[in-house]
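J.: Turn this into a model:
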Amino acid sequence: MKKLRLHLCFSTYMLASLVSATALAAGPDYAKAALDMMKADFKAKGPATMERMVQQDEAQAQCSANPQGLKPKLAQKLEQSQLSTIKYPADGQYMGDWKNGEKIAQNGRGMQSSDAMGSVNGGNCYACHQMSKTEISFGNIGPSLYQYGKLRGSSPEILKYTWGKLYNSQAFTACSKMPRFGHNGVLSEAQLKDIMALLMDGESPVNK
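T.: Numbering: from 1, shown residues only. A predicted model of the protein is given here:
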């Protein structure tokens, strides 16, 4: 039996976002006190750095400041700005090896203080999505991706959308809880291509 996954795992970034949102709702003095506390208590170690904790980018800052959700106009503005950050494959090829993609989807390691510098990150896709009928341990924070390619096809528009969603999910849904895998450098271009193949290839377990 495959080991059960821990679906509620907080990185320092997620914890920072949670504390920041609570503090901002309470007022600027609490926000400053919370940030000072995190700076004092959390230390950078290995791949786990302090950058996104102490200096949020536009999307993080907007989402932290509006924990109940953005107003439509602000959400649209954020999505447009994030859409401009997406980098599509330089060679125009979206698909890699679905077998490597399955390994990446099953791998939940990466960017932790215990990891070696330069180690390869996983995508941990099953923590939030159902992706195959044989996997019994998966989360439901995100929608089921089972038969993703079979149901949607592989038109140029679908390929471009799927790549963009993996690269920077907030370009399509403001304050999406899905990691911005490409934007934040969590997964490489080659890894993203392998995940694309896992989602789209007819031989992949996702589409069986």
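
J.: Surely K32 forms part of a helix?
T.: Yes: with DSSP: H, G, I helix; E, B strand; the rest coil as the criterion, K32 is part of a helix.

J.: check which helix or strand covers the most far-flung residue of the chain relative to its centre.
T.: Using CA atoms, centre = their mean, the residue of the chain lying farthest from its centre is D29. It sits 30.5 Å away. Using DSSP states H and E, D29 maps to helix 28-41.

J.: Stretch 45-64: how far from the chain's middle?
T.: Here stretch 45-64 is found 14 Å from its chain centre; the criterion is CA atoms, centre = their mean, to the nearest Å.

J.: separation between L74 and A61?
T.: If you measure L74 against A61 using CB to CB, to the nearest Å, the figure is 12 Å. Placement of C-beta: from N, CA and C, glycine included.

J.: Show the residue spans covered by the helices in the protein.
T.: When secondary structure is read from DSSP state H, the chain shows helices at 12-26, 28-41, 51-54, 58-65, 72-83, 98-106, 148-152, 156-167, 189-200.

J.: List phi and psi for the most centrally placed residue in the chain.
T.: The chain has P179 as the residue nearest its centroid, 1.2 Å off, counting by CA atoms, centre = their mean. Reported as degrees, to the nearest 10, the phi and psi values for P179 are phi -60, psi 150.

J.: Which pLDDT value goes with it?
T.: According to the model's per-residue confidence, P179 sits at a pLDDT of 95.

J.: Just list the residues touching it, thanks.
T.: Counting by CB atoms under 8 Å, 6 or more residues apart in numbering, P179 makes contact with 169, 186.

J.: so where's this protein uncertain?
T.: In the prediction, the chain carries residues with pLDDT under 70 at positions 1-28, 31, 46, 48, 51-54.

J.: just to revisit the earlier point, make CSV out of the helices of the chain and add distance to G139.
T.: Listed next are the helices of the chain as CSV, based on distance: least, CB to CB, whole Å:
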stretch, distance to G139
helix 12-26, 15
helix 28-41, 27
helix 51-54, 23
helix 58-65, 21
helix 72-83, 24
helix 98-106, 12
helix 148-152, 16
helix 156-167, 17
helix 189-200, 17
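
J.: Could you point out which of the ones you listed sits nearest N207?
T.: Minimum separation from N207 across those (CB to CB) falls at helix 148-152, 4.3 Å.

J.: Point out the other helices and strands that the closest one packs with.
T.: Contacts defined by 3 or more CB pairs under 8 Å, 6 or more residues apart in numbering; DSSP states H and E place helix 148-152 against helix 189-200.

J.: can we see that at 10 Å?
T.: Contacting helix 148-152 under the criterion 3 or more CB pairs under 10 Å, 6 or more residues apart in numbering; DSSP states H and E are the following elements: helix 156-167, helix 189-200.

J.: closest to A90 out of those?
T.: Between A90 and those, the tightest spacing by CB to CB is seen for helix 189-200, at 7.7 Å.
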